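Engineer: structure for this input, please:
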Amino acid sequence: MDISGPSPDLLSRFAAIVGDAHAVTDVDTLAPRLTENRGLYHGHSPMLLKPGSTEEVSQILKLASQTRTAVVPQTGNTGLVGGQTPSEDNTQLILSLERMNRIRDVDPIANVLVADGGCILADVQAAADAVGRLFPLSLGSEGSCRIGGNLSTNAGGTAVLAYGNMRQLCLGLEVVLPTGEIWDGLRRLKKDNTGYDLRDLFIGAEGTLGVITGAVLKLFPKPVGHQVAFVGLASPDKALALFERASNLFGPALTGFELMPRIGIDFTTRHIAGVRDPLPSRHDWYVLIDISTTDSAETAQTMVETLLEQGLEAGLVEDAVIASSVAQQKAIWHMRESMSDAQKPEGGSIKHDVSVPISKIPAFMAEAEKAVLAAMPGARVCAFGHLGDGNIHYNISQPVGADKAEFISRWREINAIVHAIVLKAGGSISAEHGIGQLKRDELAQIRPEIEMDLMRRIKHSFDPAGIMNPGKVIRS
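Structural biologist: Sure thing, here's the model as predicted:
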């Protein structure tokens, strides 16, 4: 699709829609918007547009389609696959919803909250908390990521096990199409079987089909009892067996079950301020168990104690600690959530955001580590993640003393090794981070041609001019 760069006159027309104060061309101000979080992708853009309303978004996209000007939606710029990064040719405008950050309505009786697409996730959580409700999506970037981006990437986070990902947490959307048309689908109904579910097309589409400007989000009763335990054990097999017991005992009260290796604990205690190992002795593997109940705190405590007693008797648990305060609960979670950042001081890190059937996680871990170390002796595998929903962040730190650039240059090679094992296990190469640029070409190789063709048809139908986040997810 022929997308041309905007002329100075055309840039002035775009600026007029939002006002000069909200049309940014300053190089220093633009700079943080042009690099993806991991530094894998760098782009250029002649202008950042900050609309203040859905109508202004509509005018921007209408003009973009008429003039065949490419637009890249960007919210908190926390994405990890380059989906929010403009191209290097300086032809693509960045569209930010940061000014559209209003909580439109909160209805605690119906358990719904209506928010602008530019609302910061932490602000949505706070608005729910203010009326005695819970919005359960929780991410390490929740202080800066925004709802539109969370929906566009179908974000998962740490509570998927109990509440689902963003697709399950959303009832309705307001979307501006690439043509400038506005779809008001802000429905608050749990049951609505009236035709195709358009909402699900936009969730997870990574801004390639339109811009999500508003959303109806599900709220939940706040847990009365909450407890966190940190467990040392010998292997992923032991962790899986403990997870099965936890699921049988707790049912929906089991809100988190996170798997971590010893090397991940070493990295966090070494590099993250204030983090310490909760257990007195070292173990090969660990799990974080999170329980939330609608009953009392005493009930949550008893539930965790029962599980740990059974785990010790069955030889699954080597040692464990139960948090004695809210501060300790947060400290244990902070250690888990800091595990990615803790790898940065160790040099280069090759990342994988994969999911495999839960019962196959131990076998996947063993096979992948063997294959990675055969290809790259000395590499340090730091695989951790949401064992309860099958999502593993299979990260690999460079060998000690290795050249970082040389290590990172083998990203695709190592990805291919790990992803082949994932696919053999019936898993997915993208669990919660999306496709973006990073996995676009690989997606086309692993999905059936009919599936890719259907995606292309949908893209062309919604975006005939090809202006909406081009080059992401699929090639037009």
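Engineer: just the helices in the stretch 201-350 of the chain please.
Structural biologist: 236-250, 262-271, 297-313, 326-337 (DSSP state H, counting those that start in this stretch).
Engineer: I'd guessed Thr158 sits against Leu387; true?
Structural biologist: No: contact criterion C-beta atoms under 8 Å: Thr158 and Leu387 do not qualify, at 11.6 Å. Every residue, glycine included, has its C-beta placed from N, CA and C.
Engineer: got any residues that touch both of those two?
Structural biologist: Glu258 (C-beta atoms under 8 Å, 6 or more residues apart in numbering).
Engineer: right, so of the helices of the stretch 201-350 of the chain, which gets closest to Lys360?
Structural biologist: helix 236-250 (9.5 Å; C-beta to C-beta).
Engineer: so, low pLDDT: which residues of the chain?
Structural biologist: Residues of the chain meeting the criterion pLDDT under 70: 1-4, 476.
Engineer: what helix or strand is the spatially most central residue of it located in?
Structural biologist: Nearest residue to the geometric centre of the chain (C-alpha atoms, centre = their mean): Ala155, 4.0 Å. According to DSSP states H and E, Ala155 maps onto no helix or strand at all.
Engineer: is it true that it touches Asn165?
Structural biologist: Yes: under the criterion of C-beta under 8 Å, Ala155 makes contact with Asn165 at 6.4 Å.
Engineer: return every residue with contacts to both of these two.
Structural biologist: Leu137, Glu432.
Engineer: the residue nearest to Gln310 when sequence neighbours are not counted: what's it in contact with?
Structural biologist: Closest residue to Gln310 in three dimensions, ignoring its sequence neighbours and counting by C-beta to C-beta, 6 or more residues apart in numbering: Arg245, at 5.9 Å. The contact partners of Arg245, by C-beta under 8 Å, 6+ apart, come to Leu307, Gln310, Gly311, Ala314, Leu316.
Engineer: list the buried residues of stretch 296-305.
Structural biologist: Thr299, Ala300, Gln301, Thr302, Met303, Val304 (16 or more other C-beta atoms under 10 Å).
Engineer: check stretch 122-135 too.
Structural biologist: Buried-residue list, stretch 122-135, by 16+ other C-beta under 10 Å: Ala122, Asp123, Val124, Gln125, Ala127, Ala128, Arg133, Leu134, Phe135.
Engineer: please save the CA atoms from that stretch in CSV.
Structural biologist: What follows is stretch 122-135, C-alpha atoms only, in CSV (Å, rounded to 0.1, in the frame of the first residue of the first chain):
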residue,chain,number,x,y,z
ALA,A,122,-3.7,2.6,38.0
ASP,A,123,-6.3,5.4,37.8
VAL,A,124,-9.0,2.9,36.8
GLN,A,125,-8.0,0.6,39.6
ALA,A,126,-8.3,3.6,42.0
ALA,A,127,-11.7,4.6,40.7
ALA,A,128,-13.0,1.1,41.3
ASP,A,129,-11.5,1.0,44.7
ALA,A,130,-13.2,4.3,45.7
VAL,A,131,-16.6,2.7,45.3
GLY,A,132,-15.6,-0.6,47.0
ARG,A,133,-15.0,-2.5,43.8
LEU,A,134,-12.0,-4.2,42.2
PHE,A,135,-10.7,-3.9,38.6
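Engineer: please work out which residues outside stretch 172-181 touch it.
Structural biologist: 54, 57-65, 71, 117, 151, 182-189, 198-199, 202-203, 209-216, 462-465, 467-468.
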